[in-house]
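Asker: Give me a 3D structure for the following:
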Amino acid sequence: MADQPIDESQTTPTQSTSFGLDQVAGDSVNSVTQRYQRYLPVVQCVAEQVVFEIDEIQQAVQPERPAFVTRVVNDLLKGGWLLRGDNEDKRLRWNVARGPFCVHRWLDEKLLGSQVKIKPQQDRPRERLLEVGVESLHVAELLAILVRSGRPGESAVEAGQKIARHFQQRLDRLPLATRLELKNISKAVDVTAYCQIMAGIELGRRIAALAGLRSFVRINSTQDAISFCQQHFQRLAEDGKQEQFHVVTLDTKRQVIDAHLITVGTLDSSLVHPREVFRPAIRDAASAILLAHNHPSGDPTPSRADLAVTQRLVEAGKLIGIEILDHIIIGNPTVLSLRANGDL
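Answerer: The predicted structure follows:
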């Protein structure tokens, strides 16, 4: 006959204090470990029986609540580990056909799986980061830290490994992955994990861009301007879906001070106003600026609006006393300098 769950409402209430054991996971004092500790004595007691009744287990593991004991026994029944007699026989027995039963393996599968929190410290990404430094972590470990927490049956470490394997040799495509794509790779990637991954990638990009900005000492020629824009605005060339207009400010020695996004959208004089362009230049105490914007089509050929906006800004710069060195149009894979093109 089919095994029916035991009715938890028929148990006799006793004290609610759970059975205490030493820590199962060393330094991990958390909810999963506490559940492990609570399940362990009940399952061990059941494992020591050959034929038994539920109230015998409830008595043996006092002061654990009878309802909790019943729930554990029901889990074993549902998993096929225990069998019961007919309607007249309330006794339970082990299902020998199911094979040998291992207490700790059953608990690991039910409560812990391969959760990061119960792994040895040296195998846990956050602890490894603190111990050996972030530069020593593998891609999968970095991703596991961003995923942060797993789901039943799949830990954050497993999620990181799956994503790393999927994007192996093409990690540069990860920023383009959609939420659904990552969810299909790992069920542990929920909305929060997806946002954390994308935020981590974007932060890294911005830091790298800033480091690249600082590495350029001077822009003294058209080729210097082109080389700077090709490196600093590489992402804009590859991924830019809309036109973006940027201003790069320079000091009296033509050293880069900073780069500023002015506007997003089709380039015209109403959007790229001299007031908005020269405000960051004045704030940076710049003596010159470099203009740059992208063409999402990939063709850097200047439009009529590009030329009109540039000429207007050049005239405004003369009045303010801030020189416009060049205007670089970023295409893919080429760029174009208006000064070299004779349009500045």
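Asker: hang on, F233 packs against N294?
Answerer: Yes. Using CB atoms under 8 Å, F233 is in contact with N294, at 6.8 Å. Bear in mind the C-beta positions are built from the backbone N, C-alpha and C, glycine included.
Asker: So for those two, which residue has more residues nearby?
Answerer: Set F233 next to N294 and count neighbours by other CB atoms under 10 Å: N294 wins out with 28 against 22.
Asker: Pull the contacting residues for that one.
Answerer: For N294, the contact set (CB atoms under 8 Å, 6 or more residues apart in numbering) comprises 233, 236-237, 240, 243-244, 329-331.
Asker: what's whichever strand or helix holds L236 packed up against?
Answerer: Per DSSP states H and E, L236 falls inside helix 234-239. The criterion is 3 or more CB pairs under 8 Å, 6 or more residues apart in numbering; DSSP states H and E, and there are no helices or strands that helix 234-239 contacts.
Asker: next SSE after it?
Answerer: strand 244-250.
Asker: Give me the common contacts of F233 and N294.
Answerer: Residues touching both F233 and N294 (CB under 8 Å, 6+ apart): I330.
Asker: Now the spatially most central residue of the chain: which helix or strand?
Answerer: Residue closest to the average C-alpha location in the chain (CA atoms, centre = their mean): I197, at 2.2 Å. Using DSSP H and E, I197 sits within helix 191-215.
Asker: How far does the helix or strand that comes right after that helix sit from its chain's centre?
Answerer: Per DSSP H and E, the first helix or strand lying C-terminal to helix 191-215 is helix 222-232. Distance, stretch centre to chain centre, for helix 222-232: 32 Å (CA atoms, centre = their mean, to the nearest Å).
Asker: Please put the alpha-carbon coordinates of helix 222-232 into PDB.
Answerer: Provided in PDB are the C-alpha atoms of helix 222-232 (Å, rounded to 0.1, in the frame of the first residue of the first chain):
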ATOM      1  CA  THR A 222      46.000  64.300 -34.000                       C
ATOM      2  CA  GLN A 223      47.400  60.800 -33.700                       C
ATOM      3  CA  ASP A 224      47.500  61.100 -29.900                       C
ATOM      4  CA  ALA A 225      43.900  62.200 -29.900                       C
ATOM      5  CA  ILE A 226      42.900  59.200 -32.100                       C
ATOM      6  CA  SER A 227      44.800  56.700 -30.000                       C
ATOM      7  CA  PHE A 228      43.300  58.000 -26.800                       C
ATOM      8  CA  CYS A 229      39.800  57.800 -28.100                       C
ATOM      9  CA  GLN A 230      40.300  54.400 -29.600                       C
ATOM     10  CA  GLN A 231      41.400  53.100 -26.200                       C
ATOM     11  CA  HIS A 232      39.200  55.100 -23.800                       C
END
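Asker: how about it: buried residues?
Answerer: Neighbour counts over helix 222-232 (16 or more other CB atoms under 10 Å) mark 222, 224-226, 228-229, 232 as buried.
Asker: what does stretch 76-96 give?
Answerer: Applying 16+ other CB under 10 Å to stretch 76-96 flags 76-77, 81-84, 92, 94-95 as buried.
Asker: now the helix holding L236, how far from the centre of its chain.
Answerer: Worked out by CA atoms, centre = their mean, helix 234-239 lies 22 Å from the chain centre.
Asker: Dump stretch 166-176 to PDB, restricted to CA.
Answerer: Extracted in PDB, the C-alpha atoms of stretch 166-176 (Å, rounded to 0.1, in the frame of the first residue of the first chain):
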ATOM      1  CA  HIS A 166      29.600  28.700 -20.600                       C
ATOM      2  CA  PHE A 167      31.600  31.800 -21.400                       C
ATOM      3  CA  GLN A 168      35.000  30.100 -21.500                       C
ATOM      4  CA  GLN A 169      37.300  31.800 -24.000                       C
ATOM      5  CA  ARG A 170      34.600  34.500 -24.600                       C
ATOM      6  CA  LEU A 171      34.300  36.100 -21.300                       C
ATOM      7  CA  ASP A 172      34.000  39.500 -23.000                       C
ATOM      8  CA  ARG A 173      30.500  38.400 -24.100                       C
ATOM      9  CA  LEU A 174      29.200  38.100 -20.500                       C
ATOM     10  CA  PRO A 175      28.300  41.800 -20.200                       C
ATOM     11  CA  LEU A 176      25.900  41.300 -23.200                       C
END
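Asker: Retrieve the pLDDT associated with the nearest residue to I197 once chain neighbours are set aside.
Answerer: Spatial nearest neighbour of I197, excluding adjacent residues (CB to CB, 6 or more residues apart in numbering): L146 at 4.7 Å. The model reports L146 with a pLDDT of 93.
Asker: what about L146, which helix or strand?
Answerer: helix 139-147.
Asker: Same question for G80.
Answerer: Here G80 sits in a region with no helix or strand, counting by DSSP H and E.
Asker: from the buried residues of stretch 76-96, which ones fall inside helices?
Answerer: Counting by DSSP state H, the part of the buried residues of stretch 76-96 found in helices is 76-77.
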